[in-house]
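Student: Any chance you can model this:
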Amino acid sequence: MTAKSPNSIDVYVGNRVRVRRKTLGMTQHGLAELLGITFQQIQKYEKGTNRIGASRLQRISEILRVPIGFFFENGGSGPIEGETSELNKFLSSKEGLALNKAFIAIEDSNIRQKLVALAKSLAVAGFSETDGELHDPVVNG
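Tutor: As a prediction, this is how the structure comes out:
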């Protein structure tokens, strides 16, 4: 008998649980304790190995302080490939998590808009990771 691979929606929902938990600075142990289950079960949920039941997902949404719809995209029809995958990678990274937390802490919408504009200009201009210098792709080809 072969092991059944996780359903892509279960993997996506589990990843959203992990991203939100980490954004709040909560450990797997902490979430597990609040749910009255083992941290290993949280690991299985986050990997999509085990499906999260409706009542359990409702409780997770309360603990993580998000609407239940947070765990789904496109009205529950599943993840969008490409952009969603890149967003999940970003939010799961150490840098993405730190940037997300810092951005959330900024209450002034004008400052948030300026920060977004700065990030967009850096992305358009190109930034070399090797020398830490801003490069104009038109000039530097």
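
Student: any weak-confidence spans in this structure?
Tutor: 1-3, 73-85, 88, 127-141 (pLDDT under 70).

Student: Domain map for it?
Tutor: 8-93, 106-141 (automatic domain parsing).

Student: Take the ones you listed and write them to CSV, including distance to residue 100 and mean neighbour count.
Tutor: (C-beta placed from N, C-alpha, C; glycine too.) Converted to CSV, the domains of the chain look like this (distance: least, Cβ to Cβ, whole Å; neighbours: other Cβ atoms under 10 Å):
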stretch, distance to residue 100, mean neighbour count
domain 8-93, 6, 15
domain 106-141, 11, 10
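
Student: quick one: the helices in this protein?
Tutor: Ranges of helices within the chain are 8-23, 28-35, 39-47, 54-63, 83-92, 94-105, 109-125, 137-140, based on DSSP state H.

Student: Could you dump those into a markdown table and include distance to residue 72?
Tutor: Putting the helices of the chain into a markdown table (distance: least, Cβ to Cβ, whole Å) gives the following:
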| stretch | distance to residue 72 |
| --- | --- |
| helix 8-23 | 7 |
| helix 28-35 | 19 |
| helix 39-47 | 15 |
| helix 54-63 | 10 |
| helix 83-92 | 11 |
| helix 94-105 | 19 |
| helix 109-125 | 25 |
| helix 137-140 | 38 |
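
Student: To residue 71, which of the ones you listed lies closest?
Tutor: Within the helices of the chain, the stretch nearest residue 71 is helix 8-23; the backing value is 4.6 Å (Cβ to Cβ).

Student: which secondary structure elements does the closest one contact?
Tutor: helix 39-47, helix 83-92, helix 94-105 (3 or more Cβ pairs under 8 Å, 6 or more residues apart in numbering; DSSP states H and E).

Student: and if we set it to 10 Å?
Tutor: Packing partners of helix 8-23 (3 or more Cβ pairs under 10 Å, 6 or more residues apart in numbering; DSSP states H and E): helix 28-35, helix 39-47, helix 54-63, helix 83-92, helix 94-105.

Student: Quick check: which helices or strands does the shortest one pack against?
Tutor: The reference is to helix 28-35. helix 8-23, helix 39-47, helix 54-63.
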